[in-house]
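Participant: sequence unknown, structure follows:
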């Protein structure tokens, strides 16, 4: 089977996509476990195992609507070939590695979308792009962190009102248990939204080769993508955890629970509507919202502002790298 160059290219690209998926989990492990690590509810190895378990469990909880958006909502499948897929993945992977090395919690999701845009434009120009899907993503670059901030803040406000007469030691003990549940829910939402983006890439690749249709996502694609992101999370991207769990704002079990729950609710809403959002933006917003209600003076808005610069750069930077990667890849495929 592998003596056929086209089949070999197909499986190499599938492996490259799964490599990105693994890196996504590795890069974004901080999103899932920063709150439980910073509040010492779980030890690091326990936290990554807990998050990885629920990353994979998302396969049973969500329909592949986000995968459908990535598979046919960002660029027109008619303009896709192996070199475009290769360029998009290479652009996203390189940007993820750069930001991981620098400890910057950028968005793997937006790196992938930027990669698709850059590689698609390098091949066929603006005609390859689908404005509706890109506009939806652009809107939720702003909406997802703001929604996370609002929900996380409101949940923390509700906790403060409901529990103001309870002794802090007792409150911490109770919310240490609650945080296990909310972090599991967040990891479920993280797996649902992020693993499906890689599913969408492989789906797009298979559609471009007429090996499947827009109506059918093969089961092996779903299982392999959820497994890859879970293993990546299990390995853990430790460089970013300090930024997410400590530098933005000090967290307690109560505020950590509010932040994880706010992030989870936002991701559930986005995944339910098939909107690919940044889990990094979402949890950062939720952490800031919960932290600002708990102790406004200790919330580091300057750190948050520095993260915004990286977020703004992600799509154009990944797009530029992907366009260059496409120019190289088209001579190989």
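Facilitator: That came through, no problem. Values in this document were obtained by computation on a predicted structure and should not be read as measured data.
Participant: Could you list the low-pLDDT ranges of the stretch 1-150 of the chain?
Facilitator: 1-4, 29-32, 105 (pLDDT under 70).
Participant: Nearest residue to residue 253 in space, ignoring adjacent ones along the chain?
Facilitator: Nearest residue to residue 253, sequence neighbours excluded (C-beta to C-beta, 6 or more residues apart in numbering): residue 175, at 3.7 Å. C-betas here are computed from N, CA, C, even on glycine.
Participant: distance of that neighbour from residue 151?
Facilitator: Residue 175 sits 17 Å away from residue 151, going by C-beta to C-beta, to the nearest Å.
Participant: do the same with residue 63
Facilitator: 23 Å.
Participant: Show me which of these two is the more surrounded one.
Facilitator: residue 151 (24 against 13; other C-beta atoms under 10 Å).
Participant: From what I see, the more buried one and residue 268 are in contact.
Facilitator: No - between residue 151 and residue 268 there is no contact under C-beta atoms under 8 Å: 10.7 Å.
Participant: Phi, psi for the residue sitting furthest away from the middle of the chain please.
Facilitator: Going by C-alpha atoms, centre = their mean, the residue of the chain most distant from its centre is residue 165, 37.8 Å out. Here is the backbone geometry of residue 165 (degrees, to the nearest 10): phi -90, psi 0.
Participant: Next one: it, what pLDDT does it get?
Facilitator: Residue 165 carries a pLDDT value of 80.
Participant: Distance check, it against residue 174.
Facilitator: 13 Å.
Participant: With residue 26 instead?
Facilitator: Counting by C-beta to C-beta, the gap from residue 26 to residue 174 is 33 Å.
Participant: Between the two, point out the one with more neighbours.
Facilitator: Set side by side, residue 26 and residue 174 show more neighbours around residue 26, with 24 against 14, by other C-beta under 10 Å.
Participant: mind checking the SS state of the more buried one?
Facilitator: helix (DSSP: H, G, I helix; E, B strand; the rest coil).
Participant: so it makes contact with residue 228?
Facilitator: No - counting by C-beta under 8 Å, residue 26 does not reach residue 228; the two are 10.0 Å apart.
Participant: what sits in contact with each of the two?
Facilitator: With C-beta atoms under 8 Å, 6 or more residues apart in numbering applied, the contact sets of residue 26 and residue 228 do not overlap.
Participant: Contacts only, for the closest residue to residue 208 other than its chain neighbours.
Facilitator: Excluding the flanking residues, the one nearest residue 208 by C-beta to C-beta, 6+ apart is residue 80, at 4.2 Å. By C-beta under 8 Å, 6+ apart, the contact set of residue 80 is 120, 204-205, 207-208.
Participant: same thing with residue 140?
Facilitator: So, once contact is read as C-beta under 8 Å, 6+ apart, residue 140 ends up touching 270, 275-277.
Participant: Tell me the helix or strand right after the helix or strand harbouring it.
Facilitator: Element membership for residue 140 (DSSP states H and E) is helix 131-162. Of the helices and strands lying after helix 131-162 in sequence (DSSP H and E), the nearest is helix 168-208.
Participant: Now do that next one and helix 131-162, the angle between them.
Facilitator: Here the directions of helix 168-208 and helix 131-162 differ by 170 degrees (axes from the mean of the first three to the mean of the last three C-alpha atoms, to 10 degrees).
Participant: Just list what the following helix or strand past helix 168-208 packs against, helices and strands only.
Facilitator: Using DSSP H and E, the helix or strand that follows helix 168-208 in sequence is helix 219-235. Counting contacts by 3 or more C-beta pairs under 8 Å, 6 or more residues apart in numbering; DSSP states H and E, helix 219-235 is packed against helix 5-38, helix 44-57, helix 168-208.
Participant: List the buried residues of the first one.
Facilitator: So the one you mean is helix 5-38. Neighbour-count burial for helix 5-38 flags 9-10, 13-14, 16-18, 20-38 (criterion: 16 or more other C-beta atoms under 10 Å).
Participant: one step back: closest one to residue 145 out of the contacts of residue 140, please.
Facilitator: Top of the list for closeness to residue 145, among these and by C-beta to C-beta, is residue 277 at 9.0 Å.
Participant: I'd say that closest one and residue 109 touch.
Facilitator: Yes - taking contacts as C-beta under 8 Å, residue 277 lies within contact range of residue 109: 6.7 Å.
Participant: and residue 269, what is it in contact with?
Facilitator: Contacts for residue 269 (C-beta under 8 Å, 6+ apart) come out as residue 147.
Participant: For burial, what's the neighbour tally of the nearest residue to residue 223 once chain neighbours are set aside?
Facilitator: What sits nearest to residue 223 in space, not counting adjacent residues and going by C-beta to C-beta, 6+ apart, is residue 59, at 7.0 Å. Counted with other C-beta under 10 Å, the neighbours of residue 59 add up to 20.
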